[in-house]
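Trainee: Can you look at this prediction? I've put the sequence above it.
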Amino acid sequence: QQQVKQSPQSLIVQKGGISIINCAYENTAFDYFPWYQQFPGKGPALLIAIRPDVSEKKEGRFTISFNKSAKQFSLHIMDSQPGDSATYFCAASWTGNQFYFGTGTSLTVIP
Amino acid sequence: DTEVTQTPKHLVMGMTNKKSLKCEQHMGHRAMYWYKQKAKKPPELMFVYSYEKLSINESVPSRFSPECPNSSLLNLHLHALQPEDSALYLCASSHTGATNEQFFGPGTRLTVL
């Protein structure tokens, strides 16, 4: 059973545009929602994370929007750049350290 | 130091070989993880160590044998692997207790012939 559902599977955005990736979860015990960025042949790197006591968190061009009642969260990349082209994974976790990853979104930013 | 290191970067082995993957961190994290990642798929959790004790084993075949010699080191011993075990093997670490960020290493690209 997929604990975290992620969409879209792939995304193509023009340089300067906004990239939006969505995730949904079922388990209300989750209390930590990170987004990881992964380049080919590299390990995932934490991009930004949010806890359910806030509805939005922004770090530079990256924003997480969190909707607790809908059990959804999304990543917005503003002013998308070719260097943002990578695979993005959302994840969810609760105390106990086990992470549940979404299926990933392959983002391509066209110059 | 916020780095998780993994060696080797690449490994090619036959189905009868025995090899080991190594992971090291010096961030004072007491939870360490092994993940397996196939191309275009998310990481799959294999093992979790908490305070040097195995706390989670996600029904991984016995041909994979983890070891945590101390709080900074994590090994994955490989024996009699199958070609379908070819993947990127990722190590991660985090603080224990409340949910915390996991820091991932660069991975070991394993090819089983």
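Mentor: Here it is on my side, so go on. Here the structure is a predicted model, which is why all the values come from computation and not from measurement.

Trainee: Kindly report the residues of chain B close to chain A.
Mentor: Residues of chain B found near chain A (CB under 8 Å from any CB of the partner chain) are B:4, B:31, B:33, B:40-43, B:45, B:48, B:50, B:56, B:88, B:90, B:92, B:94, B:96-107, B:109. Using the backbone N, CA and C atoms, a C-beta is placed for each residue, glycine as well.

Trainee: Please spell out the PyMOL selection for the buried subset of the residues you listed.
Mentor: To isolate the buried members of the residues of chain B next to chain A in PyMOL, using 16 or more other CB atoms under 10 Å in any protein chain shown:
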select buried, chain B and resi 4+31+33+42+43+45+48+50+56+88+90+92+94+99+100+101+102+103+104+105+106+107
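
Trainee: Tell me which helix or strand comes right after the worst-scoring helix or strand of chain A on mean pLDDT.
Mentor: Taking mean pLDDT, DSSP states H and E as the measure, the helix or strand of chain A with the lowest value is strand A:99-101, at a mean of 90. Per DSSP states H and E, strand A:99-101 leads on to strand A:105-110 as the next helix or strand towards the C-terminus.

Trainee: circling back to that earlier point, let's see which of the residues of chain B next to chain A end up in helices.
Mentor: The helices, defined by DSSP state H, take in nothing from the residues of chain B next to chain A.

Trainee: Correct me if wrong: residue A:30 contacts residue A:91.
Mentor: No: contact criterion CB atoms under 8 Å: residue A:30 and residue A:91 do not qualify, at 9.4 Å.

Trainee: Okay, now the sheet partners of the least confident helix or strand of chain A, with direction.
Mentor: strand A:86-93 (antiparallel) (DSSP bridges).

Trainee: for chain A, which spans come out with low pLDDT?
Mentor: A:1, A:96-97 (pLDDT under 70).

Trainee: before we move on, the earlier item: in terms of packing, which of residue A:30 and residue A:91 has more residues around it?
Mentor: Neighbours were counted for residue A:30 and for residue A:91 using other CB atoms under 10 Å in any protein chain shown; residue A:91 has more, 25 against 21.

Trainee: what about the strands in the chain?
Mentor: Because you didn't say which chain, this covers chain A. A:4-7, A:10-14, A:19-25, A:33-38, A:45-50, A:56-59, A:62-67, A:72-77, A:86-93, A:99-101, A:105-110 (DSSP state E).

Trainee: Chain B, not that one
Mentor: B:4-7, B:10-13, B:18-25, B:31-37, B:44-50, B:53-57, B:64-70, B:73-79, B:87-94, B:103-104, B:108-112.

Trainee: Show me what the second one packs onto, helices and strands only.
Mentor: It refers to strand B:10-13. Counting contacts by 3 or more CB pairs under 8 Å, 6 or more residues apart in numbering or on different chains; DSSP states H and E, strand B:10-13 packs against strand B:18-25, strand B:108-112.
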